[in-house]
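Asks: turn this into a model:
(2 chains)
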Number of protein chains: 2
Amino acid sequence: MTPTFKITKKDIKSKGRVGVLSTPHGDIETPIFIPVGTNGTVKSVSPRDLKEMGAQVILSNTYHLHLRPGEDLIKKFGGLSKWMSWGGPTMTDSGGFQVFSLGVGLEHGVGKLLREEEGEAKPRLNKITKEGVTFQSHLDGSKQYLSPEISIEIQEKIGSDLIVAFDDLESPKYNHKETEQSLELTEDWLIRSKNAHKRKDQLLYGVTHGGNFKDLRIKSAEFVDKHFNAIALGGAHKNKENMHEIVEWTIDNISENKPRHMLGIGEVDDIFELIERGIDTFDCVIPTRIGRTGYFFVSPKTGNISNRFRMDINKPQFRTDQKPLDKNCSCYTCNNFTRAYLFHLFRNRELLAYSLISTHNVHFLVNLTKLIRQSILEDKFGTFKKKWLV
Amino acid sequence: MTPTFKITKKDIKSKGRVGVLSTPHGDIETPIFIPVGTNGTVKSVSPRDLKEMGAQVILSNTYHLHLRPGEDLIKKFGGLSKWMSWGGPTMTDSGGFQVFSLGVGLEHGVGKLLREEEGEAKPRLNKITKEGVTFQSHLDGSKQYLSPEISIEIQEKIGSDLIVAFDDLESPKYNHKETEQSLELTEDWLIRSKNAHKRKDQLLYGVTHGGNFKDLRIKSAEFVDKHFNAIALGGAHKNKENMHEIVEWTIDNISENKPRHMLGIGEVDDIFELIERGIDTFDCVIPTRIGRTGYFFVSPKTGNISNRFRMDINKPQFRTDQKPLDKNCSCYTCNNFTRAYLFHLFRNRELLAYSLISTHNVHFLVNLTKLIRQSILEDKFGTFKKKWLV
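Replies: Model (predicted):
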């Protein structure tokens, strides 16, 4: 089957909407947070735990899977979903972000978000031509090559339901002219990606770019909307406010009935702001990445914008705390373990610690998007958002 | 309630028996393998997974829990079983083995088993008097003190169902006289442990010693049998054959109706040999320790004595292997994941790898003892043993 998207309810006061993205591996109810399983595993969380918490789709990284274990092996094992014993819908990115990280990202010492403290500038490990990108593997330094055609071929073999066209990620430090040049290259690569894509059972997302320049963002939105049935919002931004503007410029210039994915975003406040502006799905490594260091998500009022809805289990105050991580949470961890026990596991560097806190954190974001979905259905999104982002 | 033990079936040809050890936290069907959760967690395996695989009792280390988080905290949280969210029966050791490891174990460069290659001799980190043992914490070097009374007090606060009297572990390098002196100290400490023990809802195991000297082993067995309602077999031995002899000398000189625990043993062939000689329970870190390095248990004929029923997932042959770890295993890992996927997880050092293989390994031993129990009930133990140890 060809994936389809249907909006079932619109928010009364915002651009938020509830919908169903149907794929060969099952339906995805939107809006939804998509956990990231870079190497075909959501770090330290089992597929069973993901199912139980209501995760509906997992995003893996094309670049990583291409290097290890290779797309041919995954194809031989029946595709990504089966290979990793997930069974449900999957998404892959294009590899563009990793290529960026090895290139101008290194050179400018930045991520796609301009950091307050600049990172150290380092020589780039990639070389971009109009044809594609040559770069060094982060695993063994071997020479690798990606192009739109190759990225799509890899993703077709990986067999994910939702795939992303190959793009050139601009640096947030680019000026207007540099950003425009990058966008031109992206547009060329998007079309080549589209032409290379043959599998009808995959939904191909075009990616919007344009840095923080409104005219370029609008141009990019119109271009992607013209050529693609699904829109991924990518590219660089300066800060949160700028990201919100960018989303607005983009959403206002694409068709309403196409699914919209925001790449690599997943802070609690962002989730509210992005759903309000019409985003359907987003992926982010945050819940597992912070979980491995001991940070866990908490809901209001304990959690709020100033503590970024997170606390650190390693603080001495938790040594004798009999409460669960979050009193409003119904995940396996919160149903069974105290903060004091998790504090103990972390102090002893017990592997179970990483697994239990990561499970809580992923559950927290997946469940938050489920609650938001519910609030839109009940025309209570505005109130619900206020309760969280006071 | 006071824990009780009842033999329900004896093997027709050996000293093997099936029984039920009833504790305040539930019944334990013997023979059974007891997974070790040193710090109050079976490394990288969740309590839920332990329940699902049929684990019936978990052993934690008194020494480790005393240092972190401390017995008072565990008591405040309702005791070990509740604190770690296990809910079922628990056992603790006395701390004697850790004290040994920091003392003559270091000095002689040995474990309780004489290694083929001798370890490096190092200065001891403890000091033994008739009263008790002063030693350095392995965590922070702080000065610590254990005595029979203190070990029992700690275990009473920890609240495990099965507890072990404090003993002096002899070096396998001791001569007869040194072993006899150690045994005398042990006997004194055992009686002091017994006198210190007040909780009626815990079963206190006396520990037999005597190195590899038959006369001392018999003397120790008679002594422990006279004073205790449960027997733990401890002490040093030279090798497997010697261990089997020691078990025979001991079992022949203790009452039949008391539960017998073998401390720290858990190789597949040992499990058969020990059950055959009348052991009811044993604990060992093997399944999780080898699991974290990639070794997984396999049943016959793939598994056999010469490969110690284990294979290494890191071998290149597993890169494309679509089979489960063990074709006869019904654990979560074997039901859902291929060797190729686990090979991939290990190569990427993904945390899920350690959890999935440890889960398999613990399940494997717990299930093996369940199958042995069944074989005794059906008068087929001899045949079953031959099938495994050909």
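Asks: tell me where the stretch 101-250 of chain A has helices.
Replies: A:104-108, A:148-158, A:176-196, A:214-227, A:240-251 (DSSP state H, counting those that start in this stretch).
Asks: pick the most buried one from those.
Replies: Mean neighbours per residue, mean count of other CB atoms under 10 Å in any protein chain shown, is largest over the helices of the stretch 101-250 of chain A for helix A:148-158, with a mean of 23. All C-beta atoms are positioned from the backbone trio N, CA, C, and that covers glycine.
Asks: dump the C-alpha coordinates for it into PDB.
Replies: Output in PDB follows, covering the C-alpha atoms of helix A:148-158 (Å, rounded to 0.1, in the frame of the first residue of the first chain):
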ATOM      1  CA  PRO A 148      20.600  11.700  -3.700                       C
ATOM      2  CA  GLU A 149      20.400   8.500  -5.700                       C
ATOM      3  CA  ILE A 150      22.500   6.600  -3.200                       C
ATOM      4  CA  SER A 151      20.600   7.800  -0.200                       C
ATOM      5  CA  ILE A 152      17.300   6.800  -1.800                       C
ATOM      6  CA  GLU A 153      18.700   3.400  -2.800                       C
ATOM      7  CA  ILE A 154      19.800   2.800   0.700                       C
ATOM      8  CA  GLN A 155      16.500   3.800   2.200                       C
ATOM      9  CA  GLU A 156      14.600   1.700  -0.300                       C
ATOM     10  CA  LYS A 157      16.700  -1.300   0.800                       C
ATOM     11  CA  ILE A 158      16.300  -0.400   4.500                       C
END
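Asks: now what about that helix, what contacts it?
Replies: Residues from elsewhere that reach helix A:148-158 (CB atoms under 8 Å, 6 or more residues apart in numbering or on different chains): A:60, A:62, A:65-66, A:71-72, A:74-75, A:79-80, A:92, A:94-96, A:132, A:163-166, A:189-190, A:192-193, A:196-199, A:202, A:204.
Asks: mind checking which of the residues you listed are buried?
Replies: Neighbour counting over those (16 or more other CB atoms under 10 Å in any protein chain shown) leaves A:60, A:62, A:65-66, A:71, A:74-75, A:79-80, A:92, A:94-96, A:132, A:163-166, A:189-190, A:192-193, A:196-197, A:199, A:202, A:204 as the buried ones.
Asks: ok, the closest residue to chain B within the stretch 151-300 of chain A - how many residues close by?
Replies: For the stretch 151-300 of chain A and chain B, the shortest gap (CB to the nearest CB) falls at residue A:292, measuring 8.0 Å. Counted with other CB atoms under 10 Å in any protein chain shown, the neighbours of residue A:292 add up to 16.
Asks: dump the residue contacts of it.
Replies: A:43-44, A:354, A:357-358.
Asks: select only the buried ones of these in ChimeraX?
Replies: Command for ChimeraX that selects the buried part of the contacts of residue A:292, burial taken from 16+ other CB under 10 Å:
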select /A:43,44,354,357,358
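Asks: chain B: which of the contacts of residue A:292 is nearest?
Replies: residue A:44 (3.8 Å).
Asks: nearest residue to the middle of chain A?
Replies: residue A:283 (1.9 Å; CA atoms, centre = their mean).
Asks: state the helix or strand in which that residue lies.
Replies: Using DSSP states H and E, residue A:283 falls within strand A:281-284.
Asks: got the CA positions of the helix or strand following that strand in CSV?
Replies: Where DSSP H and E defines the elements, the next helix or strand beyond strand A:281-284 is helix A:286-291. Extracted as CSV, the C-alpha positions of helix A:286-291 are listed here (Å, rounded to 0.1, in the frame of the first residue of the first chain):
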residue,chain,number,x,y,z
ILE,A,286,16.8,13.9,23.8
PRO,A,287,15.0,11.4,26.0
THR,A,288,17.6,8.7,25.7
ARG,A,289,20.6,11.0,25.6
ILE,A,290,19.7,12.9,28.8
GLY,A,291,18.5,9.6,30.3
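Asks: packing partners of helix A:286-291?
Replies: For helix A:286-291, the packing partners by 3 or more CB pairs under 8 Å, 6 or more residues apart in numbering or on different chains; DSSP states H and E come out as helix A:351-377.
Asks: what's the average pLDDT for the helix it packs on?
Replies: When pLDDT is averaged over helix A:351-377, the result is 98.
Asks: so that helix versus helix B:351-377, what angle?
Replies: Angle of helix A:351-377 versus helix B:351-377, following axes from the mean of the first three to the mean of the last three CA atoms, to 10 degrees, is 110 degrees.
Asks: any buried residues in helix A:351-377, and which?
Replies: Per 16+ other CB under 10 Å, helix A:351-377 contains these buried residues: A:351-370, A:372-373, A:375-376.
Asks: what parts of chain A come near chain B?
Replies: Neighbours of chain B within chain A, by CB under 8 Å from any CB of the partner chain: A:39-41, A:43-48, A:68-69, A:73, A:76-77, A:83-85, A:319-320, A:322, A:332, A:336-338, A:340-341, A:344-345, A:347-348, A:350-352, A:354-356.
Asks: cutoff 6 Å now
Replies: A:39, A:41, A:44, A:69, A:85, A:336-337, A:344, A:348, A:350-352, A:354 (CB under 6 Å from any CB of the partner chain).
Asks: sketch out the low-pLDDT regions of chain A for me.
Replies: A:112-118 (pLDDT under 70).
Asks: need the three-state assignment for the residue with the largest distance to the centre of it.
Replies: Largest separation from the mean C-alpha position in chain A: residue A:320, at 35.6 Å (CA atoms, centre = their mean). With DSSP: H, G, I helix; E, B strand; the rest coil as the basis, residue A:320 sits in coil.
Asks: which residue is the nearest non-sequential neighbour of it?
Replies: Distance criterion CB to CB, 6 or more residues apart in numbering or on different chains; nearest residue to residue A:320, sequence neighbours excluded, is residue A:340 at 5.5 Å.
Asks: who touches the helix or strand containing that neighbour?
Replies: Assigned by DSSP H and E, residue A:340 falls within helix A:339-347. Residues from elsewhere that reach helix A:339-347 (CB atoms under 6 Å, 6 or more residues apart in numbering or on different chains): A:294, A:313-314, A:318-321, A:323, A:352-353, B:69.
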